[in-house]
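Chemist: Provided below are the primary sequence and the corresponding predicted coordinates.
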Amino acid sequence: MLRQMSFPMITAMAVAAPGIVSAQPEGKVGQYSDVTVTGAILEPEPREAASDEELLQGFQLPEGATIGVFARDLINPRILAVSADGTLYATRRSVGDVVMLRDDDGDGMADAPVTVASRPGMHGIAFDGDTVYLATVNDVYVADVAQDGRFGELRRIIDDLPDAGQHPNRTLAMGPDGKLYISVGSTCNACAESNPENATILRAEPDGTGRTIFAAGVRNTIGFDWEPEGGQLWGMDHGIDWLGDNEQIEELNQIGQGKRYGWPYVYGMDQFNPQDNPPPGTSLETWAEISEEPLLGHTPHAAPMQMAFYDGAMFPEWRGDALVAMRGSWNRRPPSGYELVRIDFEGGKPVGIEPVMTGFLAEGAGGWTHAGRPVGVVVGRDGAIFVSDDTQGVIYRIASDAAPQDRPPAGGPVPDALVPPSPSPLAIEVLKADAGLTVTAPFQPDAPIDPKHAADGDNASPALSWNGAPEETRSFVVIAEDPDAKEPKPFVHWLAYDIPADVTALREGLPTEASLPDPEGVKQGANSMGSTGYTGPKPPVPDGPHRYRFQVFALDVSSLDLPPAADRAAVLAAMQGHVLAAGQVTGTFDRN
């Protein structure tokens, strides 16, 4: 089992809202369901405020914390970021721009906002020194930051992020490994995505090249950040709607490279989504086995947005804890969210969730109302906390009586999991496999591969056939690798295992699911792109042609006893001592 042990799902809201952990609608073996789900649509009415004093009425904060209006009348401030010199910036999705908010006179309130970038759907923002990264639905831009805080010319470095649907809000951050991380939400509430990059965290080089799927099965993880003590990546994922008022919990996940997090078929603590069935050949139980459980849960439908680990000096007792803005529900009775919460971390692990800023939500004689919906949260250089509200158009500043101090130097350890693996020989060399198989492909040996098999083409797996297997063969494995890639080396383009002994050919254009119904029993592993099944050649243009080795192995066992979506290391380890014969054919591809 790959699932992790979980911490108790006990939160401040859970105590106030009984029934969160309740009887669940469960999918059955065979994947047939018969359940009744009761949901609600409840959209609290906004409360208008004419003055700053009215805006601040009703907020509750921890003892010693104070709150003020840093900026207002901003229409739609969403994601916040602080540059190296301490300047605050906010993206405005509906306006389609980024505004700079300086406080040059030090009075705790922003001067007049200045627009520093403008593109439709602007949402994600992150700084790396004097460079800023910005994300829209499909694009990522980079620009230089001038001394006056304005941005230089926007240069587009990614133009093909997946199209949006239900979740168009891309966010991004620069990781401790110096790579760019991009969150891409699902197009739907719960469905089988046709683009493997939906419902993922992507990772790319700072120039936008080398993009891969870092983690999958995260429905909509808008907020993510690295825990400063251990350097691990954490994120809060939005749960599935329409499973009931008290389903699904908002999940806090430790996000690891190559990991899966259940969506859309499994949620929470191994609970089966009754409305969606996994692909043919894969059971709900298997999907749960290859997915990770959340480490903590929060009240369903609270809508976690931006997340930031506190690294300031103003609230020293919060250092190392995570702050998350909960925008609030529209489909729960009673409403949830509408608050800023703190995730308490001890020894690098989450142990509970507590409210930091409440009072947005209220119930009166006329029903439920709200004073705003928090979206962005970021820590200023002096340790103050900024919170954006995208409905009232306000940014709040939470401070304490402690003397302002510069935040400690940024940057934490780079986890071993983020360190690139050492180069490895090709699988056929690792296994020291004897020749014996003759492998045939739709290209001549050492000749160019048809563009329809490339990532920029149809991304269709090539037809392969082989012969010459010994009589005692019980199964086959196919591994396609690029030894010319820089990282990882080799780059895995295809892993297929548990191929029955009577199957000596694979047709062109196989599905990319982790299990195949035809040929029955075939499992496909994780490729270096981060998806399963085949992913076609896409060498960097300056590299020229790369070689692609399609290797076939005959084994003396009928199964490797691995779940679907296993990675290269697991497959090679399981193959050790079982290889009877091998063969390969090499093709080339040049994106020029």
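Modeler: Yes, it's here. Numbering: from 1, shown residues only.

Chemist: C-alpha only now, for contacts and for neighbours.
Modeler: OK.

Chemist: per-domain residue ranges of this protein.
Modeler: What automatic domain parsing lists as the domains of the chain is 53-418, 427-589.

Chemist: what's the closest of those domains to residue 45?
Modeler: domain 53-418 (4.5 Å; C-alpha to C-alpha).

Chemist: Would you work out how far apart the start and end of that closest one are?
Modeler: 47 Å (C-alpha to C-alpha, to the nearest Å).

Chemist: I'd like the domains of the chain as JSON lines, with mean pLDDT appended.
Modeler: Below are the domains of the chain laid out as JSON lines (pLDDT from 0 to 100):
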{"stretch": "domain 53-418", "mean pLDDT": "94"}
{"stretch": "domain 427-589", "mean pLDDT": "97"}
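
Chemist: Export these as a markdown table, with columns for distance to residue 40 and mean neighbour count.
Modeler: As requested, those are exported to a markdown table (distance: least, C-alpha to C-alpha, whole Å; neighbours: other C-alpha atoms under 10 Å):
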| stretch | distance to residue 40 | mean neighbour count |
| --- | --- | --- |
| domain 53-418 | 5 | 20 |
| domain 427-589 | 34 | 19 |
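
Chemist: Tell me where the chain has helices.
Modeler: For the chain, applying DSSP state H gives helices covering 12-16, 52-56, 284-289, 427-430, 568-575.

Chemist: which residues are in contact with the shortest one?
Modeler: Here helix 427-430 makes contact (C-alpha atoms under 8 Å, 6 or more residues apart in numbering) with 424, 479, 551, 572, 582.

Chemist: ok so, going back, can you redo the helices of the chain as CSV with distance to residue 461?
Modeler: As requested, the helices of the chain are exported to CSV (distance: least, C-alpha to C-alpha, whole Å):
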stretch, distance to residue 461
helix 12-16, 48
helix 52-56, 58
helix 284-289, 24
helix 427-430, 19
helix 568-575, 18
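
Chemist: Residue 493: which of those is closest?
Modeler: helix 568-575 (10.4 Å).

Chemist: How are the strands of the stretch 151-300 of the chain distributed by residue range?
Modeler: 155-158, 171-174, 180-184, 200-204, 212-216, 223-226, 233-237, 250-254, 259-260, 266-267, 271-272, 296-298 (DSSP state E, counting those that start in this stretch).

Chemist: So what are the sheet partners of the third one and their directions?
Modeler: Yep, that's strand 180-184 we're talking about. Sheet pairing of strand 180-184 (DSSP bridges) gives strand 171-174 (antiparallel), strand 200-204 (antiparallel).

Chemist: and that strand, how far out from the chain's middle?
Modeler: 7 Å (C-alpha atoms, centre = their mean, to the nearest Å).

Chemist: what residue lies at the spatial centre of the protein?
Modeler: residue 201 (2.7 Å; C-alpha atoms, centre = their mean).

Chemist: Show me what the closest residue to that one other than its chain neighbours is bridged to.
Modeler: Using C-alpha to C-alpha, 6 or more residues apart in numbering and skipping residues adjacent in sequence, the residue nearest residue 201 is residue 183, 4.6 Å away. Using DSSP bridges, the bridge partners assigned to residue 183 are residue 171, residue 201.

Chemist: surely residue 183 meets residue 170?
Modeler: Yes - contact criterion C-alpha atoms under 8 Å: residue 183 and residue 170 qualify, at 5.6 Å.

Chemist: how near is residue 356 to residue 154?
Modeler: According to C-alpha to C-alpha, residue 356 and residue 154 sit 36 Å apart.

Chemist: ugh, wrong one, residue 194
Modeler: Here residue 194 is placed at a distance of 31 Å from residue 154 (C-alpha to C-alpha).

Chemist: for residue 365, same thing?
Modeler: 50 Å.

Chemist: List the residues that contact the nearest residue to residue 390 once chain neighbours are set aside.
Modeler: Distance criterion C-alpha to C-alpha, 6+ apart; nearest residue to residue 390, sequence neighbours excluded, is residue 76 at 4.4 Å. In this structure, residue 76 makes contact with 92-95, 389-393, judged by C-alpha under 8 Å, 6+ apart.

Chemist: next one: residue 127
Modeler: 81-84, 133, 173-174.

Chemist: from these, which is closest to residue 120?
Modeler: residue 133 (15.2 Å).

Chemist: Not including adjacent chain positions, what is the nearest residue to the closest one?
Modeler: Residue 133 sits nearest to residue 142 (C-alpha to C-alpha, 6+ apart), 4.6 Å away.

Chemist: mind listing which of the contacts of helix 427-430 are in strands?
Modeler: 479, 551, 582 (DSSP state E).

Chemist: would a markdown table of these with distance to residue 333 be doable?
Modeler: Below are these laid out as a markdown table (distance: C-alpha to C-alpha, whole Å):
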| residue | distance to residue 333 |
| --- | --- |
| 479 | 51 |
| 551 | 56 |
| 582 | 61 |
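
Chemist: Residue 156 bridge partners, please.
Modeler: Going by DSSP bridges, residue 156 forms beta bridges with residue 141.

Chemist: What distance do you get for it to residue 434?
Modeler: With distances taken as C-alpha to C-alpha, residue 156 is found 48 Å from residue 434.

Chemist: Now do the contacts for the residue nearest to residue 133.
Modeler: 131-134, 154-157.

Chemist: Please tell me I have it right and residue 459 contacts residue 450.
Modeler: No - using C-alpha under 8 Å, residue 459 and residue 450 do not qualify as a contacting pair, with a distance of 10.3 Å.

Chemist: picking that back up, make TSV from the contacts of residue 76 and add distance to residue 506 to it.
Modeler: Shown next, in TSV, are those (distance: C-alpha to C-alpha, whole Å):
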residue	distance to residue 506
92	50
93	47
94	49
95	51
389	54
390	52
391	54
392	58
393	57
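
Chemist: Which of those residues fall in strands?
Modeler: 92, 389.

Chemist: Can you show me the strands along the stretch 1-150 of the chain?
Modeler: For the stretch 1-150 of the chain, strands defined by DSSP E, counting those that start in this stretch occupy the ranges 45-46, 65-71, 77-82, 88-92, 97-101, 114-118, 124-128, 131-135, 140-144.

Chemist: Show the contacting residues for the nearest residue to residue 421 once chain neighbours are set aside.
Modeler: In space, and not counting its chain neighbours, residue 421 is closest to residue 488: 6.7 Å by C-alpha to C-alpha, 6+ apart. Counting by C-alpha under 8 Å, 6+ apart, residue 488 touches 420-423, 528.

Chemist: roughly how far apart are the residue of the chain most remote from its centre and residue 177?
Modeler: Most distant from the centre of the chain: residue 471, at 45.8 Å, with distances by C-alpha atoms, centre = their mean. For residue 471, the distance to residue 177 (C-alpha to C-alpha) stands at 49 Å.

Chemist: my read: residue 279 touches residue 513, true?
Modeler: Yes - taking C-alpha under 8 Å as the definition, residue 279 is a contact partner of residue 513 at 7.0 Å.

Chemist: what comes into contact with stretch 467-482?
Modeler: Residues from elsewhere that reach stretch 467-482 (C-alpha under 8 Å, 6+ apart): 426-427, 436-439, 489-501, 504, 546-559, 580-581.

Chemist: ok, now with 7 Å
Modeler: 436-439, 490-501, 504, 546-559, 581 (C-alpha atoms under 7 Å, 6 or more residues apart in numbering).

Chemist: Mark which of the residues you listed are part of strands, please.
Modeler: 438-439, 491-500, 546-555, 581.

Chemist: With residue 328 as the reference, measure out to residue 374.
Modeler: With C-alpha to C-alpha as the criterion, residue 374 and residue 328 are 8 Å apart.

Chemist: Could you pull out the residues contacting both of these two?
Modeler: residue 338.

Chemist: before we move on, the earlier item: out of the ones in strands among the contacts of helix 427-430, flag the one nearest to residue 332.
Modeler: residue 479 (47.7 Å).

Chemist: if we look at the sheet, which residues does that closest one bridge to?
Modeler: residue 495, residue 551.

Chemist: Quick check: the gap between it and residue 438.
Modeler: 15 Å.

Chemist: for residue 462, same thing?
Modeler: From residue 462 to residue 438 the distance is 16 Å (C-alpha to C-alpha).
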